[in-house]
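S.K.: here is the input, now give the coordinates:
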Amino acid sequence: MSGLAGRAALASGIAGFVAAAAAAIVAVTVGDALWIAITALVMGAGAFASVFLLLRPVELSVRETAEAARALRGSSLSARAVRTTGPTAQLTHEFNVMATEIEASSRAITAEHARLEAALAAAADAIMAVDAETDVQYANPAALALLGMEEGEVVGRTLIESARDYELDALVREAMAGRGTPEPKVIPFGRDRTPLRALAVPVAEGGSWAALLILVDLSAVQRVDDVRRDFISNVSHELRTPIASIGALVETLELGDLEGGEQAAFLGRIRSQVERMALLTNELLDLSRIESGAIHLEPEEVDLASAVAEAQAALGSKLEACDVRIEGPEGETPPVMADRTATVRIVTNLLDNALKFSPEGSAITVSVQDEDALVAVEVCDDGPGIATQDLDRVFERFYKAEHSRADDGAGLGLAIVKHLVQAHGGTVAARNEAGRGAAMTVRLPKRFVGREPHVPGQG
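M.R.: This next block holds a predicted model:
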């Protein structure tokens with residue numbers, strides 16, 4: 001009951017009281033008439049009091065409920081009607097139940113919104129939401145990073161103003177035309193023409209259509225494709241020469257016009273080409289296993305001077321044929337915890353690479369330096385050095401520098417070095433030594449911090 005109804009009831013009570021008083025005054029006579037008047041006055045006052053006492057709690061309860069409703073409509077979801085007894089108890093109870101349900105629903109919606117916000121913020125792909133006017137309403141961190149803009153520069157502006165790309169704008173407008181989700185498109189985006197896979201999903205919004213725009217950066221996929229194409233091209237190139245040589249030699253042998261000595265020479269050349277292909281195949285397999293983590297490293301204390309001596313012995317015949325000597329390392333060398341076989345192969349490949357560029361009668365220098373938690377092994381030759389623009393590429397697979405004394409390698413030796421060193425938690429670097437040639441440096445941790453061995457078929 002409203003305050004107006006309460007005041008009407010109160011006025012009615014007062015009117016009754018006045019009427020009773022007037023009747024009493026008119027009826028006043030000498031004697032008993034006075035008592036009749038007094039009785040009427042008392043009855044009128046009682047009626048007034050009864051009406052007042054009956055309506056007052058109702059008015060207060062309705063007023064409190066109205067105040068709680070206003071608070072609930074605002075931001076106070078914990079607002080409740082206080083009075084739970086009296087003539088409006090049922091109304092108050094139902095209001096409080098409704099308020100509790102509204103509060104629970106609101107908290108659930110808030111929690112769900114927070115989870116969705118966290119998921120969108122953590123997404124690696126760029127996600128943007130636009131309204132029917134293509135104004136951006138939301139952009140996750142990945143989208144802001146892609147655009148190179150702050151949130152305030154994106155949200156509230158049109159998509160064309162934010163992304164500056166008419167193809168994206170056209171895709172979103174197509175989605176909002178209400179004809180279903182358009183096919184994803186690959187769009188070159190920005191000044192660097194980053195390949196993006198763009199998907200616009202239509203969303204109904206108040207009788208009109210909005211859209212969710214999802215952008216996936218395909219740069220990594222494109223790099224993998226480029227590497228795959230380069231790999232196939234390089235392997236094909238490396239195999240073409242020995243296969244062609246073997247074919248020509250076999251054809252010559254088939255003619256049968258060769259003397260015994262000539263046949264032996266031809267067979268030797270065939271064997272050499274077969275060994276070249278076998279070396280390429282083995283190096284490719286080894287590199288693949290190292291890169292995928294499918295090798296088991298068994299760390300032990302390795303003396304680097306001993307590893308250098310073992311590598312030098314493995315290259316003995318090549319060193320003698322080229323008249324190149326190896327100098328160092330001098331004195332005691334700090335030990336490292338590493339896989340011994342892998343360490344010897346690292347040093348062997350470094351020496352073999354230096355040998356290819358060393359002139360006859362020159363020396364290859366090996367030095368070992370203690371660098372606190374690391375040990376640096378440097379191999380320096382007296383060759384022509386490396387072009388400055390190629391210093392960052394020498395450890396790439398199939399990279400071949402110019403001025404090599406032999407063309408029998410596939411350009412995989414230093415790539416194997418890099419991945420073996422990285423498997424131990426170390427680093428590689430290349431530079432030109434003033435007055436000499438190229439210097440290759442690997443740094444290995446004294447304590448083994450390599451990756452866990454990978455078991456094929458698991459993970």
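
S.K.: ok, T365 touching S358?
M.R.: No: here T365 does not reach S358: they are 10.5 Å apart, not a contact under Cβ atoms under 8 Å. For every residue, glycine as well, the C-beta is placed using N, CA and C.

S.K.: who's more crowded, those two?
M.R.: For T365 versus S358, neighbours defined as other Cβ atoms under 10 Å are more numerous around S358 (23 against 20).

S.K.: from P299, how far off is the more buried one?
M.R.: Remark: distance between S358 and P299 (Cβ to Cβ, to the nearest Å) = 32 Å.

S.K.: how about D131?
M.R.: In terms of Cβ to Cβ, D131 sits 59 Å off from P299.

S.K.: now swap in K356 and tell me
M.R.: In terms of Cβ to Cβ, K356 sits 31 Å off from P299.

S.K.: compare the two (neighbour count), which wins?
M.R.: Between K356 and P299, counting by other Cβ under 10 Å, K356 is the more crowded of the two (20 against 17).

S.K.: isn't there a helix covering that one?
M.R.: Yes: K356: assigned to a helix according to DSSP: H, G, I helix; E, B strand; the rest coil.

S.K.: now the common contact residues for T365 and S358.
M.R.: Common neighbours of T365 and S358 are listed as D381 (criterion: Cβ atoms under 8 Å, 6 or more residues apart in numbering).

S.K.: just checking, R443 touches T427?
M.R.: Yes: with contact defined as Cβ under 8 Å, R443 counts as touching T427 (5.0 Å).

S.K.: which one of these two is surrounded by more residues?
M.R.: Between R443 and T427, counted using other Cβ under 10 Å, the more crowded position is R443 (20 against 15).

S.K.: just the pLDDT at the more buried one, thanks.
M.R.: Confidence at R443, expressed as pLDDT, is 94.

S.K.: phi and psi next, for it.
M.R.: Per-residue torsions, R443: phi -120, psi 120 (degrees, to the nearest 10).

S.K.: next, the contact list for it, please.
M.R.: With the criterion set at Cβ under 8 Å, 6+ apart, R443 makes contact with 371, 374-377, 421, 426-429.

S.K.: closest to A119 among those?
M.R.: The closest of the contacts of R443 to A119 turns out to be T427 (Cβ to Cβ; 36.4 Å).

S.K.: got the contact list for that closest one?
M.R.: Neighbour list for T427: 421, 442-443 [criterion: Cβ under 8 Å, 6+ apart].

S.K.: for those residues, give me JSON lines that also has distance to E174.
M.R.: Shown next, in JSON lines, are the contacts of T427 (distance: Cβ to Cβ, whole Å):
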{"residue": "V421", "distance to E174": "51"}
{"residue": "V442", "distance to E174": "55"}
{"residue": "R443", "distance to E174": "54"}
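
S.K.: so which residues of this structure form helices?
M.R.: Counting by DSSP state H, the chain has helices at residues 3-26, 33-73, 89-122, 141-147, 151-154, 159-163, 166-175, 219-255, 260-292, 304-314, 316-322, 340-357, 413-423.

S.K.: nearest residue to the middle of this protein?
M.R.: The residue lying closest to the centre of the chain (Cα atoms, centre = their mean) is A124, at 4.4 Å.

S.K.: please name the nearest non-neighbouring residue to that residue.
M.R.: Once flanking residues are discounted, A124 sits nearest to A142: 6.1 Å by Cβ to Cβ, 6 or more residues apart in numbering.

S.K.: again, but for Q222
M.R.: Nearest one to Q222, counting by Cβ to Cβ, 6+ apart, is P195 at 5.7 Å.
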